[in-house]
Each structure stands twice: as structure tokens, then as C-alpha cells.
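Asks: quick one, fold the following:
(chains A, B, C and D, ligands or ions: 4)
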Amino acid sequence: MSDLRDLYQEVILDHGKNPRNFRKLEDADHQAEGNNPLCGDRINLYLKMDGEVITDIGFQGRGCAISTASASMMTESVKGKTRAEVEALFQRFHELVTGEAEAPPGAPELGKLTVFAGVRDYPIRVKCATLPWHTLRAALEEKREPVSTE
Amino acid sequence: MSDLRDLYQEVILDHGKNPRNFRKLEDADHQAEGNNPLCGDRINLYLKMDGEVITDIGFQGRGCAISTASASMMTESVKGKTRAEVEALFQRFHELVTGEAEAPPGAPELGKLTVFAGVRDYPIRVKCATLPWHTLRAALEEKREPVSTE
Amino acid sequence: MLDVQAIRKDFDILGREMRGKPLVYLDNAATTQKPRVVIEALVEYYQNYNANIHRGIYYLSELATEKYEHVREKTARFIGAPDPATIIFTRNATEAINLVAYAWGRQYIEPGDEIVLTEMEHHSNLVPWQLLAQEKGARLRHIGITEDGRLALDDLDEIITERTKLLSITRMSNVLGTINPVKPLIDRAHAKGAVCLIDGAQGVPHLPTRVLELDCDFLAFSAHKMLGPTGVGVLYGKREWLERMPPFLGGGDMISRVWLDRATWNKLPWKYEAGTPNIADVIAFGAALDYLEQIGMEAVQAHERELTAYALEQLSRVPGIRIFGPRHVEHRGGVISFDLEGIHPHDIGQLLDAEGVAIRAGHHCCQPLMERLDVSATARASFYIYNTEEEVDRLVAAVRKVERVFSRAVS
Amino acid sequence: MLDVQAIRKDFDILGREMRGKPLVYLDNAATTQKPRVVIEALVEYYQNYNANIHRGIYYLSELATEKYEHVREKTARFIGAPDPATIIFTRNATEAINLVAYAWGRQYIEPGDEIVLTEMEHHSNLVPWQLLAQEKGARLRHIGITEDGRLALDDLDEIITERTKLLSITRMSNVLGTINPVKPLIDRAHAKGAVCLIDGAQGVPHLPTRVLELDCDFLAFSAHKMLGPTGVGVLYGKREWLERMPPFLGGGDMISRVWLDRATWNKLPWKYEAGTPNIADVIAFGAALDYLEQIGMEAVQAHERELTAYALEQLSRVPGIRIFGPRHVEHRGGVISFDLEGIHPHDIGQLLDAEGVAIRAGHHCCQPLMERLDVSATARASFYIYNTEEEVDRLVAAVRKVERVFSRAVS
Ligand SMILES: Cc1ncc(COP(=O)(O)O)c(C=O)c1O
Ligand SMILES: Cc1ncc(COP(=O)(O)O)c(C=O)c1O
Ligand code: FES
Ligand code: FES
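Replies: Numbers count the residues shown, from 1 in each chain, chains lettered A, B, ... in the order given. Ligands and ions are numbered 1, 2, ... in the order given. The predicted structure is shown next:
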């Protein structure tokens, strides 16, 4: 499965199997639900904010390795960031996985998230990788309707 | 139009242009309406019977050369015939135009009607040739519903 | 101008014979022929990447999905619709109109409402509204036609009123060739608050179409009348209507979530595409659109107009002929209905067939119009990009021959 | 037994590569591949006699009409229907079911009536009835399923009752592979006076089908799942129902006479076929039917059963695998749904794709069944006449590899 190594990198497989921050925050002050209509997978995202800054974040739901790893690594990346920083990060991530921009591996802002670069060759899986991010944005905007990735 | 000579024989063109018995019988005791759903053409048939014998017959309506000629020549052939004779004649005519049986030109029962043998090569026109006959049978059976050729 | 000889080379069927004579195909209003690229697109699909689309996670399915959805974008561009999600693929124009009659009509038409049609509509733009009107207790109104086959606009104020909920009219008559002034009619109907559907089955294949300029709420047409395969129709609809309307057919692909007793709907356009779509033919339709776009719809229209002017002139000299529809070529597309005195159109068609000339004879799915013209049928020749003046000459010669054969019989 | 190697030669696509590996196509429940004769039938039609059918009075149109109607006879014969007029061509199985829901359902379903479905139905056999039930105030009932994915028939007396107006069930599950005992269920529903529709989308392509023996009132299926082109579905209906039901779509061809404000209907089967049909694809479907008939549906079923038994055996040895559906191969067709512990089916599908193995991952348009199985999706391999044991081996090897790749990550 040589070509697939790019998609299923070790770190993705690891986060897919052992997602970090996989928990409901009982005292969340922001939350949102996201779903991927293509596969029916869902994610619930919970946030605690201090002003503009995300102080805690957790998620639950079921999804594939890509979406679970993306959610897991996203929670790690955004903790302690402001809304504006998250938004900027989302833009870079989106460019990375859709292949709109060539992010050199290790692009400073993205950090470990560059492992998702392989997704760009699998259009259907782009939705998997971005689902947690769309849901995060919805939580920040306090959307009530579940968001979906289309 | 050499191949078409068989279909549009002189006698058919003549009856098509100058149909015989093209009139409504005001004192008809049997009548029926027929229509060809393929083209929307219609024919009205009027009969006077004496017991089992057709003593007078007329038709009206609009149709192509084939159906008009067929109606015209049919009226000439069945006048004076009994129901049973008409039914036998219809069977022979049907075999002729559908090509189910090879009727040698001038087959005695069919008489002049053998000019319709050419119809067999044009499946769509079989309905034109048989429309008057279906309508005649309906008139004999005193059907109230308009008949159609399918 | 079109390079018609080059175009003809793309259509193998035009080189074949019919009844031993070179085929002259003049039944384009019924269906057009298909260029080689369209046929090849079908073969390529089935030989290389046939797979069911949407949600397939393997390469063939991804490719098929991408190609299928790409044709939606092409279709949108072809009619000037900015948003591909407003393009719904159906089986044919007829189904597209029925979709509106069911999904929009059952929701928004109420007793006493009026639906405005014309006397020249195709059965496909009459019967769905009759069924709807009967079900809802609505009333059908019909814009009449003038002696030369144009819409009679004099008493329009009485027909399009506050009670009008829908105006559904053809862009171009498939019998008379009349090109209708749909834009001012749409404006008038909109001013009264009505919704407007354009039956583009004849319009879209022959005239440049910009839905935003027309401002129609819905537009229906068929791929097979514009070089595409059979089995594909298109419904364009304004997003606001497509969002508000309930779905039409229920099933796979048109849903978002399904429970045993209820369901929620997919986004546009999939909300209206239930079950496995006609994948191969939609993809091949893309090749037809490319072909037409390369020629340019202005050029298509100009070519047909020239041919029609020539045919009208030549045909009008045939003894006993009667030509229906507008006298001036600016008011018509490449469709010419005619009859010959005392000769049934089916006999004309049969005799032309023997000459290798394929035309249509019949009511052309416009029985009320036949009634209005006081005929049971007409003979109809209709042109497309590959037809030539020589073919018109063959038509005219054949029609003259019909006339001679039959006049012999009168003597 | 089938000569599978000879069969494979008729399918060019089976010789191609996917992701650099020879293609193993195991998504036949979604759509099958098409043999060369089917593709050739399309090309032949478009190159030689493409024309609109019915009422065309020239040679091409007569030929096209004859071929199109001839396929109706073939279709009738294929399912043992004595009368070709009881065969209606639609776009797909989904449209065929919706036709019944609209034309029959709107006429005969009343408030309080019950419609009996099962928990394993495809969305296409759920959503149309949900829409109907909501509109009419009818109630949906569902036959449940057992642990091994068969219909739970214990409480049938409570489900099929005097209130049952319709039983609509699938002959074979597209997820579990379960072949349902439709005949006794139909008899039971008939005894209560209900009408019975069989969703034959999976059944007809894989099992011999005799409608007279089944005694179903309606049967729906799709050409594209049985070697035919996309864009063709079939509805078989008993003549008494097709005669009594109102039409579904209104438009050209389905009428007898049309006035401006009303119309009368054409005879069967045309009453239900509005507008230009999918002529080319119906004709090509004829070639698919010939192909299957030549093989024989008993042989098709036997081949699939053998392959399924082998696959079940091999797959069941993969660590962490869970196989859904009946354990015994007599109760199932060639569809195997499975998952691997802790691995999402989409990841399985993706990794199999990289091995050249095309399977489907997802809810397979059966969300309520997924709910019942307590999964969000399954991976599904499904077979047809051209699949081999070697391909099953490739599948199994690939699944094992998936398992290894992912278990690495746990360590
Ligand atoms: C059991 C079943 N019913 C109905 C359908 C719908 O078939 P189509 O998408 O061809 O309309 C399918 C196909 O996915 C199926 O498997
Ligand atoms: C004006 C018009 N409307 C609608 C239709 C119906 O098109 P289709 O048969 O492709 O549905 C036609 C085609 O005959 C037409 O000419
Ligand atoms: S497959 Fe569902 S989110 Fe990836
Ligand atoms: S064409 Fe109408 S009866 Fe012959």
C-alpha cells in the first residue's frame, strides 16, 4: 500500500486509534454538531473559552481514521489559541488538504498537521479531514444547526 | 418511388381520392366509431342489416389514402354478405395485410382487396388498412365504445 | 458560418442509406443525431470507468462521480445559470415539467388559481397541468394563436391576471416553428406575482439561452434533441424555489438522514435526483454540450435560419402546398409544418421515406393545436446543424413527386 | 457451471488496472459492468437507426420502434410475465417504486391504512412510502430482523393484518445478502386483501424470477444492476392494477386524445411512459437480457452461491472481522457486508482501493438497517457472473493487509 502511506501516515493511524481529548466537556460553553452527509459520520465538539481564547476542547462521535485523527490533532493544535488564530489555521489547513496551496512539510503554522497533506489526492476524504474544523468554526459561531461538510 | 408502387396501387389511390359509400346512413341500425391512436384518424361506420345480411353500408371520417381506400373497398365487398361471411373475409384480409398467409393475387374470396398485399411491408400502415374492418366488426357486435386498432 | 461538410463527417449515420437512397434526416425536432464524440463518450465510460457514483470510495467511482458532476457545471454554463446546484437531471423534458407540477404544483396551487398555457403547447406542457388543475380545482387558461401561428397577445390582460399562479409556455413551437416572445410574457406574469416555466425542449437546442436574462423560474429541456443521448432531461430552477419545494421522487441519494418512518433531504441538486442516475448518458451529454459550445449557439441559429428561409421559399412553390406558422423567418426556428391539398400527411411521410427523406407526419403531440389549425395532422421537416441546402432540394423534389403521384389519381 | 474465463473476455473493463493493480470489481450490488454486446448495441443504435419512436413513418423510426418494443417482450419473458403490456420502462428501480406510490398509492391508500415494509429496505423502498403515508395519514409497519439478518417472522400476525393495504419488501437485501421468503409473505398479505410490491433491484439480477409464481402485484428493478446500461428501470404490474390506476407522469405518448383542458390515456404500457423514452438504453438492455438468458439464471445463482460460500469461509478467518447477514449460504445471495474491529469501513474501502479491489463502504442507502445493526457503515463486497475465486483471494489478502496496517498503529 505504498501510495497510501501518504494518506495513512503513522501519526494519523495513531491518532485515529487513540484520539486525544476524546471526551465530552460537561461544562462546555460552546458546542456544535457536525456531520458528513457522504458517510453519515458525526462529531460533537465541546469548547471552553476564556474571552477570545480556547482554554479547553473535547470531541466525541464516530468517524473514519482520517476524521478522528484530524479531530484529535486539531484539538491539540487549537488549545490556547484565539478565534483569529484558529481561523487562520483553518485557512492554512484547508489549503493544505484541498491542494490549493503547496504547504512545505513542516510549514510553521501547521506544525504536525502537515501530515494531512496526502488527503489532497483523495477528494472524497477531504471532507473527512475538514469535518472537525467546520464543526469547530460552527461552535465558535455558536451555530445551533448541525453543520455539514458540503 | 418504385418500391412504393406495391403500397400505393392505382386502385388504392383512386379509392383514396374518391371513396365509395362515403356517406352517413340516416336510417342505420348498426354503427360504430373507430380510431387509430397512432395518428388520431377516425372513421364512423353505418350499417343497415336484414337479419344476418348487410343490406347497406356507409362511412365517414378522415384518414390517409390507405385507410380511406380500405374503407371504401370494404364497403363494396361486404354489401350483401352475412355476418359469417364478413368475419371470414376479415380473417383473410388480416392475414393478407399482416403477411401471416401468402394470399396469391386474386385469391377468390378477397377479390380486389388483394391490392392491399403491399401493406405488409409497412407495419405501421397495417393499422390504417385494418381500421375500417375493426370498426365494422364493432358495428356488427353493437359495441358502444369506440374501437381502436391496437 | 458553419462548416457543415466538416460537421457532417462527425455523424456516421448521415452517410448511410435509407430505402436505398442517401438518408436526408429532417426529423430533428423529434430527436437529433449524435456526433461521434458523444457515442465515444458512452463507450469510454462503459469500457473504462463504469461505476455507481456518490459515496463510492474507489477510483472508478470517484472518476465517474467527478465526470457526472462536471456535466452539471457544463449544463449550467450552457444556459447561463451561475449555480450548478440549480441543475437537476431528469429522464427527459417531460419528466422535468412533471417534477415541477408535482413538487411545486402540489404545494403552491390552490382552488381557483389559474395556470396560463398556450394553444401551441406540446402535450408534455399540457397534460401535467391538466392533472394538477383537476386535483387542485385550479383553472387552465390558454393564450390563443393568430392566423400565422404566433401568440395572440391582444387579450393578454384578461388572461394573465392576479389569479395567475403559473405561466408555462414553450420557447419555440415544435409544429409551427414559432419563436415566442417569452421574455416580455415572463415579465408580465412576474408583475402579477406568477411563477414562470419555460418549455425549452425546442428552444435550448436551437437558440442561445441565458436564464438570468429570461428570468424564468424554471426551464425544462431534453438532451436527445441537442446531440445528446436519449434518457437525459434537464430542469433548471431558481434556487429559492428548489429549496422551498418538497422533493418529488423518494429514494437513494436524495436523502440526508433516513429513519424508518421519516427522512430529511439532501442538498441541492441531489434532493431531486432519486436512485441511480443515468450516469453514462449524462456524461455523454457533456460531450454534446462541448460540441455545441464549440460551434456556438449564435452560429447554430444563423445556419438554421438561412436553411429555413431557403426551404420556405422553395416549398412555397409546390402546387397545393400549405405552410403553417409565421411567414417571416425572424419569427421562427428551423421547423416547417405543411400539408398538400387532399393528401394525408402520413401518405406524404410514407412517400418521402421511399425517397430517403425522413420527416415526421402526425399531430406532433399537439392535438389541441391540430384542432385549432383544423387538420388531423401535418407533415413536418425540421433542421439542425448538419442539414444542407442540397437536402432541402431533395425534400422539395420529393414533395413535388408526392404531389404528382397523387394528382395522377384524381384524373 | 459458468465458463467464467470466457465471460470475462466479454468485459473489457475487467482487464484494466486500478491504482496500478489489476482491477477486482466487487461492487456489483451498486452497479454491474457491461459486456461488449451491450456497448455495441448502443453504438449500433446511434450509428445506424437513431430516431424517435412511435408514430414515425420513416424506416429508421420504424426500426427503432420495433427494437424498443421487442425488448419489452424480452423483459416480460425474462421475468415470466405473459403480457408485454404489463412491462413499463422507467429510469431506475427507484422511479418504478415511486410510480406505484404516486399512481396506485394516491388512489388507494386512505387514512388509517397500513403499509408493511421491513427493517432491511433500501431508502428507495422506504422514502416513497413515508411520503405517501404522511400525505394520506397512513401508518408504516416494519417487519424486524433477527440477529443473523433474516426477517423476524414471529410476530407477523400482528404486522400483516386486515389494515394492511400494501406489503412492499425486497427480494434480497443489498446489505446482508439475505434472500427473503417473499412468496409466503405475499400469500399472507394477499389473504388479508393487501397489494404486494417486490423490490427486485437485487433479486432479478441474481435469482430466477417468475412473477406468476410469486404472484406479486408489482415488481421493480434496474437494468444497470444486471449488465444493462444506466437510465433504465422496469416496473411490472398486474394488468388489473395498471388498467385501474391513474397515470403518473403526463405528456407525449401516454395519451390517447388531448384537448386543451383534459385528456384520455393511451393503452398499456404506454399510459405510463410519458415523453421520449430512453430508447437507446432500453435497446441495449435487450442485449443484456439475451446475455443473461444465454447463461441461464440458475447458473448465475449457482455460481454466485459457490463464490459466496468460498468468500464467507475465507473472510471468516481474518482476525477482527465481523460478517453480517445469514450464516448459511442457502439464505443469501452474493453480497457480503463486514467490518473489522476498530477500523472504519471507509478506511477499509480506501485501503482496498489501493490494492485494486473495488468494494463499497457506507450505509448502502439503508440507514435504518445500519441503526439496527448498530454501525454507521459496513464494508460490502458483492459478486456477479464474472467474479472468480482468485478475486476473492485478492479481496481476502487485501482485507488481511488492512487489518495488519491498522493493528500496527495500536501497538
Ligand atoms: C434493494 C435495492 N432497492 C432499490 C435500489 C435502487 O435502485 P436504483 O438506484 O437503480 O433505482 C437498490 C440499488 O441500490 C437496491 O439495492
Ligand atoms: C415543445 C416540446 N416540449 C416538450 C417536448 C417533450 O420532450 P421529451 O419527449 O424529450 O420529454 C417536446 C419534444 O417532443 C417538444 O417539442
Ligand atoms: S468516512 Fe465518514 S468522516 Fe471519513
Ligand atoms: S395514417 Fe391515420 S389511418 Fe392511416
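
Asks: regarding chain A, what is its longest helix?
Replies: helix A:123-140 (DSSP state H).

Asks: can you give me the buried ones in that one?
Replies: A:124-140 (16 or more other C-beta atoms under 10 Å in any protein chain shown). (Glycine included, C-beta is placed from N, CA and C.)

Asks: pLDDT below threshold where in chain A?
Replies: Within chain A, the segments meeting pLDDT under 70 span A:1-3, A:101-107, A:150.

Asks: same question, the stretch 201-350 of chain C
Replies: Residues of the stretch 201-350 of chain C that meet the cut-off, pLDDT under 70, do not exist.

Asks: in it, what residue is nearest ligand 4?
Replies: When scored by C-beta to the nearest ligand atom, the stretch 201-350 of chain C has C:His346 as its residue closest to ligand 4, at 3.5 Å.

Asks: ok, that residue - contacts?
Replies: By C-beta atoms under 8 Å, 6 or more residues apart in numbering or on different chains, C:His346 lies in contact with B:Cys39, B:Cys64, B:Arg125, B:Cys128, C:Ala361, C:Gly362, C:Ala377, D:Ile57.

Asks: could you dump those residues to CSV with secondary structure and distance to C:Arg210?
Replies: Output for the contacts of C:His346, formatted as CSV (DSSP: H, G, I helix; E, B strand; the rest coil; distance: C-beta to C-beta, whole Å):
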residue, secondary structure, distance to C:Arg210
B:Cys39, coil, 38
B:Cys64, coil, 43
B:Arg125, helix, 45
B:Cys128, helix, 45
C:Ala361, strand, 35
C:Gly362, strand, 33
C:Ala377, coil, 35
D:Ile57, coil, 37
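
Asks: just flag the most distant two among these.
Replies: The distance between the two most remote of the contacts of C:His346 (C-beta to C-beta) is 14.2 Å, for B:Arg125 and C:Ala377.

Asks: ok so, going back, dump the longest helix of chain A to PDB, keeping only the CA atoms.
Replies: Extracted C-alpha coordinates of helix A:123-140, given in PDB (Å, rounded to 0.1, in the frame of the first residue of the first chain):
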ATOM      1  CA  PRO A 123     -11.200  14.200  -3.000                       C
ATOM      2  CA  ILE A 124     -13.800  12.200  -1.000                       C
ATOM      3  CA  ARG A 125     -11.600  12.100   2.100                       C
ATOM      4  CA  VAL A 126     -11.100  15.900   2.100                       C
ATOM      5  CA  LYS A 127     -14.500  16.000   3.800                       C
ATOM      6  CA  CYS A 128     -13.300  13.600   6.400                       C
ATOM      7  CA  ALA A 129     -10.300  15.800   7.300                       C
ATOM      8  CA  THR A 130     -12.200  19.100   7.300                       C
ATOM      9  CA  LEU A 131     -15.300  17.900   9.200                       C
ATOM     10  CA  PRO A 132     -13.800  18.600  12.700                       C
ATOM     11  CA  TRP A 133     -12.700  22.000  11.500                       C
ATOM     12  CA  HIS A 134     -16.100  23.000  10.100                       C
ATOM     13  CA  THR A 135     -17.600  21.900  13.300                       C
ATOM     14  CA  LEU A 136     -15.100  23.900  15.300                       C
ATOM     15  CA  ARG A 137     -16.000  27.000  13.400                       C
ATOM     16  CA  ALA A 138     -19.700  26.400  14.000                       C
ATOM     17  CA  ALA A 139     -19.000  26.000  17.700                       C
ATOM     18  CA  LEU A 140     -17.200  29.300  17.700                       C
END
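
Asks: what is that helix packed up against?
Replies: Here helix A:123-140 touches strand A:30-36, strand A:41-50, helix A:65-78, helix A:83-98, strand A:147-148, helix C:59-78, helix D:345-354, going by 3 or more C-beta pairs under 8 Å, 6 or more residues apart in numbering or on different chains; DSSP states H and E.

Asks: mind running it again at 7 Å?
Replies: Contacts defined by 3 or more C-beta pairs under 7 Å, 6 or more residues apart in numbering or on different chains; DSSP states H and E place helix A:123-140 against strand A:30-36, strand A:41-50, helix A:65-78, helix A:83-98, strand A:147-148.

Asks: can you say which of the ones you listed is packed in most?
Replies: For those, average neighbour numbers computed from mean count of other C-beta atoms under 10 Å in any protein chain shown are highest in helix A:65-78, which has a mean of 26.

Asks: residues in contact with that helix?
Replies: Outside helix A:65-78, the residues that touch it by C-beta atoms under 7 Å, 6 or more residues apart in numbering or on different chains are A:8, A:12-13, A:15-16, A:19-22, A:41, A:43, A:54, A:57-59, A:86, A:89, A:111-113, A:116, A:119, A:125, A:128-129, A:131-133, A:136, D:344, D:347.

Asks: tell me if that helix is near ligand 3.
Replies: Yes - shown here: helix A:65-78 in contact with ligand 3 (C-beta under 6 Å from any ligand atom) through A:Ile66, A:Ser67.

Asks: how much does that helix deviate in direction from strand A:41-50?
Replies: Taking axes from the mean of the first three to the mean of the last three C-alpha atoms, to 10 degrees, one finds helix A:65-78 and strand A:41-50 inclined to each other by 0 degrees.

Asks: helix A:65-78 vs helix A:83-98, what angle?
Replies: Using the same axes, to 10 degrees: helix A:65-78 against helix A:83-98 is 150 degrees.
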